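A.B. asks: Dropping a prediction and its sequence here:
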Amino acid sequence: MSILRLLDFTLGIFVQSALKRRIRPRVLQLPITGRCNSRCITCGVWKTRAPREDVDPEALKSILQDPFFSSVHSVGVNGGEPSLHPAPGELADSLLTLKRLKRIYVISNGVHTAKVLAMMETLKAKCAARGVRVHLTISVDGVGDVHNSVRGAPTFDKTAHTLREVQARQSRYCDVLEAGVTLSARNVARVAETSAFLDRLQVAAWYHPAVPNKRLHNFDDHSFDLLSSERTAMLAAELFFARFKDKANGLKARLRAYLTFRYLLSGGRKRLAGCNYLRSDLTITENLDLYLCAVASERVGSLRSASPQELLRSGAFARAEQALRERCAACGHYIIFPTPGGALQFAAALLKPAVWVSYLMAAARVRLQTAAQRLSPLQGFRQKSKTAPAQVPAPAQGQASASTASTAWQE
């Protein structure tokens, strides 16, 4: 993160948290289609009877040219399944009208290899010309039947094939490749197999809890929730604690793991992570409706019929924010950066091993000094015996010599 971006981020957090003011969005979530070729137990998009829409690239381009979106630097492209969108090239052109855009994040199920590769190749070529980095996350929710069970279809081999194809020629398709592992009550007990599989492929993994989600039409379904039973919650907590303790993961990954661990340990009642979706970042759906976040936000309005500024003036943003605020503390999504309290607790957790090791080292030094002090008279006695053996008087009858006594002491 550059110094300027860090300053912008810090100032944005201050304005949102301390001043309770809305700032222009920096991040957009963009589900570009309602169509999907999976039947996931953690998602209800495929169940909805509403017409399956694809985002209109030209309409989206017009919307994104509004000055309200002039500070956007990152866009998350998802769905549905984004590779099913019929015009990825035109969609890329629409996104690249964002003048400050630096990164595009794509999440795909990897089921249709040819479509995924075609979409990513087009997107990567267009973004490379603008200096925009492309991140691709392919969802892997288990190995073999575990993945198939979560995804509701026998798709593991297809997804694994797509992952290998992208990895073999990554520079052609993306700048960063990773696997996204959505943890649910269905797969958390088998997550070690998933980790081993991804380790063998040498693909980085991003683990996150499955969360009831309004946009995914499963907000009232907790059957897959990790918090639905004490067992699955503790299995997940153990995983995230282990990832926090593993120094090979890097500080950012360890921070996210710690924040998720503490959320799970609280039973989903206390969140130590901040979130920019209440007063900054936004979600634009495939039918161009505007939401604050994808998880629990009410619809702010339609961008087909009103501009963001008009929605601001109408009070639509304020009403959506008021309805959402009470749900934020118990939300397990978007666990990325800490609150001030979360940062302090993370730092304290990092320092605990250092304090313990320092204590052990200090205790060891004290023990060595004490042992040295106890040995010093004996060492002086031995030195004196070596330098002046003739001065040692002959032992009286029934007494041992000094050298004999020394030898007996050593034995």
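C.D. replies: Done, it's in. Just so it is clear, the structure is predicted and the values come from calculations on it, not from any experiment.

A.B. asks: Flag every buried residue along the one helix or strand Ala59 maps to.
C.D. replies: Using DSSP states H and E, Ala59 sits in helix 57-64. Residues of helix 57-64 classed as buried by neighbour count (16 or more other C-beta atoms under 10 Å): 57, 60-61, 63-64. C-beta here means a position set from N, CA and C on the backbone, and glycine is covered the same way.

A.B. asks: Next: stretch 82-90.
C.D. replies: For stretch 82-90, by 16+ other C-beta under 10 Å, it's 82-85, 87-88.

A.B. asks: For Thr113, the count of nearby residues, please.
C.D. replies: By the criterion of other C-beta atoms under 10 Å, Thr113 has 17 neighbours.

A.B. asks: Could you number the chain from 176 rather than 1 from now on?
C.D. replies: In the new numbering, first residue 176, that becomes Thr288.

A.B. asks: For the nearest residue to it once chain neighbours are set aside, which residues are in contact?
C.D. replies: Among residues not flanking Thr288 along the chain, Thr337 sits closest, at 4.5 Å (C-beta to C-beta, 6 or more residues apart in numbering). Neighbour list for Thr337: 283, 285-286, 288, 291-292, 313 [criterion: C-beta atoms under 8 Å, 6 or more residues apart in numbering].

A.B. asks: Which of the residues you listed fall in helices?
C.D. replies: 288, 291-292 (DSSP state H).

A.B. asks: Among the residues you listed, which one sits closest to Gly251?
C.D. replies: Nearest to Gly251 among these: Val291, at 16.5 Å, using C-beta to C-beta.

A.B. asks: Is it correct that Ala360 is in contact with Ser404?
C.D. replies: Yes: checked against C-beta atoms under 8 Å, the pair Ala360 and Ser404 is within contact range at 6.7 Å.

A.B. asks: Which one's more surrounded, these two?
C.D. replies: Ranked by neighbour count (other C-beta under 10 Å), Ala360 and Ser404 place Ala360 first, with 22 against 11.

A.B. asks: what about the more buried one, which SS state?
C.D. replies: At Ala360 the chain is in coil, as set by DSSP: H, G, I helix; E, B strand; the rest coil.

A.B. asks: Please list all residues in contact with the closest residue to it other than its chain neighbours.
C.D. replies: Spatially, and ignoring its direct neighbours in sequence, Ala360 is nearest to Thr407 (4.6 Å; C-beta to C-beta, 6+ apart). Residues near Thr407 by C-beta under 8 Å, 6+ apart: 360, 363-364, 401.

A.B. asks: From those, list the buried ones, please.
C.D. replies: Buried among those (16+ other C-beta under 10 Å): 360, 363, 401.

A.B. asks: And for Ala523, the neighbour number?
C.D. replies: Neighbours of Ala523 using other C-beta under 10 Å come to 10.

A.B. asks: For it, give its distance to Tyr433.
C.D. replies: Distance from Ala523 to Tyr433, counting by C-beta to C-beta, to the nearest Å: 10 Å.

A.B. asks: Report the separation between Asn462 and Arg488.
C.D. replies: The value you get for Asn462 to Arg488, if C-beta to C-beta is used, is 23 Å.

A.B. asks: what about the two, which has more around it?
C.D. replies: More crowded of Asn462 and Arg488, by other C-beta under 10 Å: Asn462, with 17 against 11.

A.B. asks: So that one sits against Glu228, correct?
C.D. replies: Yes: contact criterion C-beta under 8 Å: Asn462 and Glu228 qualify, at 4.9 Å.

A.B. asks: what's the overlap in contacts for the two?
C.D. replies: Any residue near both Asn462 and Glu228 by C-beta under 8 Å, 6+ apart counts here, and that gives Gly209.

A.B. asks: quick one on the thing from earlier: specify which member of the contacts of Thr407 is nearest to Ile207.
C.D. replies: Nearest to Ile207 out of those is Leu401 (C-beta to C-beta; 28.1 Å).

A.B. asks: residues contacting that closest one?
C.D. replies: Listed by C-beta under 8 Å, 6+ apart, the contact partners of Leu401 are 358-360, 363, 384-385, 407-408, 411, 439.

A.B. asks: Run through the helices of the stretch 176-325 of the chain in chain order.
C.D. replies: Taking DSSP state H, counting those that start in this stretch to define them, one finds helices in the stretch 176-325 of the chain at 178-192, 232-239, 263-270, 288-305, 320-326.

A.B. asks: next one: the shortest one to chain centre, how far?
C.D. replies: For helix 320-326, the distance between its averaged C-alpha position and the chain's averaged C-alpha position is 22 Å (C-alpha atoms, centre = their mean, to the nearest Å).

A.B. asks: Residues in contact with that helix: which ones?
C.D. replies: 213-217, 284, 314-317, 329-331, 334, 357, 359, 361-362, 365, 368-369.

A.B. asks: From the residues you listed, keep the buried residues only.
C.D. replies: Among these, those classed as buried by 16+ other C-beta under 10 Å are 213, 215-217, 284, 314-317, 330-331, 334, 357, 359, 361-362, 365, 369.

A.B. asks: Now, these that are in strands?
C.D. replies: 314, 357 (DSSP state E).

A.B. asks: ok so, going back, how far off helix 288-305 does the helix or strand that contains the residue nearest to Thr288 point, in degrees?
C.D. replies: Per DSSP H and E, Thr337 falls inside helix 331-343. Counting by axes from the mean of the first three to the mean of the last three C-alpha atoms, to 10 degrees, helix 331-343 lies at 30 degrees to helix 288-305.
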